[in-house]
Structure formats: C-alpha cells, structure tokens
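Undergrad: Quick one, fold the following:
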Amino acid sequence: MLIRRSDVGAHGGHLALPGGMRDPMDRSMLETALRETHEDIGLRRDQIEILAELRPTDTRTTNFRIYPVLGRSSQPGAMAEERAGGSGNSRCFVDPDGE
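TA: Predicted structure coming up:
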C-alpha cells in the first residue's frame with residue numbers, strides 16, 4: 001500500500017508509506033506506527049495484524065531513523081480512500097488481490 005501525498009509541501013506528489021514522528025504519548029515505536037497508520041489511512045489497530053518489526057534504518061538525506069513495521073489487514077475496505085486534513089495525504093493505492 002502506498003500513499004500519494006497531496007501536491008502541497010516539501011513532499012508534495014511523492015509516493016510514501018504511512019508513518020510519522022513519535023508522540024510523547026506513544027509507549028513504543030510500534031504504537032507510533034499503529035497511530036500514524038490510523039491517522040494517515042484510517043485503519044484502526046484492531047484491523048491490523050502485525051507480521052514483523054523490522055530492523056531500524058537511518059535515512060541518507062534527512063538523518064532520520066526509521067522503524068519499519070510490516071502488517072496486513074483482512075479489512076482493506078475499511079481504509080479511508082481519501083483522507084483530508086492534518087496528514088496532507090491525498091490518495092491510497094492498494095492491491096485488492098493482495099499480490
């Protein structure tokens with residue numbers, strides 16, 4: 001699943017994965033990933049099966065550390081196709097066949 005960012009901002013028009021910065025209320029990076037996924041694409045925690053927490057990696061250009069989490073949902077239809085507001089996302093692309 002990819003997100004096409006809106007045309008606004010530094011990452012306008014880019015393809016991305018759900019994610020973002022850790023909030024002080026997040027107890028772990030996994031909790032951050034689940035919260036950001038809900039904010040970005042509308043999937044709730046109970047709609048996601050966590051498959052793996054992958055090794056953290058540093059970005060080359062921004063020097064951020066990324067904590068990738070692999071998950072799947074048996075309810076992709078529950079995901080918001082378009083999200084308006086805070087996250088700046090415009091469209092989600094999902095393979096409905098899971099391929």
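Undergrad: Give the helix, strand or coil label for residue 46.
TA: helix (DSSP: H, G, I helix; E, B strand; the rest coil).
Undergrad: which residues of this protein fall in strands?
TA: Taking DSSP state E as the criterion, the chain contains strands spanning 2-5, 15-16, 49-53, 57-58, 65-66, 69-72, 89-93.
Undergrad: Report the contact partners of the closest residue to residue 55 other than its chain neighbours.
TA: Nearest non-adjacent residue to residue 55, counting by CB to CB, 6 or more residues apart in numbering: residue 68, 7.9 Å away. (Glycine included, C-beta is placed from N, CA and C.) Residue 68 is in contact with 53-57, counting by CB atoms under 8 Å, 6 or more residues apart in numbering.
Undergrad: Check the gap between the spatially closest residue to residue 18 that is not a sequence neighbour and residue 23 for me.
TA: Nearest residue to residue 18, sequence neighbours excluded (CB to CB, 6+ apart): residue 40, at 3.9 Å. Distance, residue 40 to residue 23, by CB to CB, to the nearest Å: 14 Å.
Undergrad: More neighbours: which of those two?
TA: Set side by side, residue 40 and residue 23 show more neighbours around residue 40, with 23 against 10, by other CB atoms under 10 Å.
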